[in-house]
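> Here is my input, please return the structure:
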Amino acid sequence: MEVGFLGLGIMGKAMAVNLLRNGFKVTVWNRTLSRCEELVEQGASMGSTPAEVVKKCKYIIAMLSDPPAALSVVFGKDGVLEQMCTGKGYIDMSTVDTVTSTKISEAIIEKGGRFLEAPVSGSKKPAEDGQLIILAAGDKSLYDEVMPSFDVMGKKAFFLGEVGNGAKMKLVVNMIMGRC
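Numbers count the residues shown, from 1 in each chain. The predicted structure is shown next:
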């Protein structure tokens, strides 16, 4: 399975490395392109823009810092929407609010793509160890198709129904864990 991965911060880098180590073909992009070099050395290919990654890959995972970054990568110049089309799936694993997730979902679907929000519970060490908890919601068929990638990034994935439920559950988890 070939996967595009957008965002190589602390969490995203660890998640992309797990995909590479487990035999996935991965094309990476990061706003600071030099952050891609280490993963390229480990076998990833690099896209120069989010649009380029979407053009190349059927499945695209985003792990971005915050709602403004998530929106910029989708809607901005050379962004995801420029190449989104029927047959492609966009999985946003960033921690964003329900409004942001819904806005991205609607835009992806309007272009013919499928959308899954899949925020994670866990920090750097669980990300490195492939032990994240994945809280997915949206397109169930996309969830089923990308489960092999979830299996190497996380210890457990939950499908929570319609878009917005993943973001809401992430908020509940953060409140329980005292991270609000």
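> can you pull out the strands in this structure?
2-6, 25-29, 45-46, 59-62, 89-92, 114-117, 120-121, 132-138, 154-159 (DSSP state E).
> I'd like those strands laid out as JSON lines, including distance to Thr100.
For every residue, glycine as well, the C-beta is placed using N, CA and C. Shown next, in JSON lines, are these (distance: least, CB to CB, whole Å):
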{"stretch": "strand 2-6", "distance to Thr100": "15"}
{"stretch": "strand 25-29", "distance to Thr100": "20"}
{"stretch": "strand 45-46", "distance to Thr100": "26"}
{"stretch": "strand 59-62", "distance to Thr100": "12"}
{"stretch": "strand 89-92", "distance to Thr100": "9"}
{"stretch": "strand 114-117", "distance to Thr100": "9"}
{"stretch": "strand 120-121", "distance to Thr100": "16"}
{"stretch": "strand 132-138", "distance to Thr100": "13"}
{"stretch": "strand 154-159", "distance to Thr100": "20"}
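> now those strands as JSON lines including mean pLDDT and distance to Met169?
Formatted as JSON lines, the strands of the chain follow (pLDDT from 0 to 100; distance: least, CB to CB, whole Å):
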{"stretch": "strand 2-6", "mean pLDDT": "97", "distance to Met169": "22"}
{"stretch": "strand 25-29", "mean pLDDT": "98", "distance to Met169": "27"}
{"stretch": "strand 45-46", "mean pLDDT": "98", "distance to Met169": "33"}
{"stretch": "strand 59-62", "mean pLDDT": "98", "distance to Met169": "18"}
{"stretch": "strand 89-92", "mean pLDDT": "98", "distance to Met169": "14"}
{"stretch": "strand 114-117", "mean pLDDT": "98", "distance to Met169": "10"}
{"stretch": "strand 120-121", "mean pLDDT": "96", "distance to Met169": "9"}
{"stretch": "strand 132-138", "mean pLDDT": "97", "distance to Met169": "5"}
{"stretch": "strand 154-159", "mean pLDDT": "97", "distance to Met169": "8"}
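> Rebuild those as a markdown table, extending it with mean neighbour count.
Listed next are the strands of the chain as a markdown table, based on neighbours: other CB atoms under 10 Å:
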| stretch | mean neighbour count |
| --- | --- |
| strand 2-6 | 25 |
| strand 25-29 | 24 |
| strand 45-46 | 16 |
| strand 59-62 | 25 |
| strand 89-92 | 28 |
| strand 114-117 | 26 |
| strand 120-121 | 23 |
| strand 132-138 | 25 |
| strand 154-159 | 18 |
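> Low-confidence bits of the chain, can you list those?
179-180 (pLDDT under 70).
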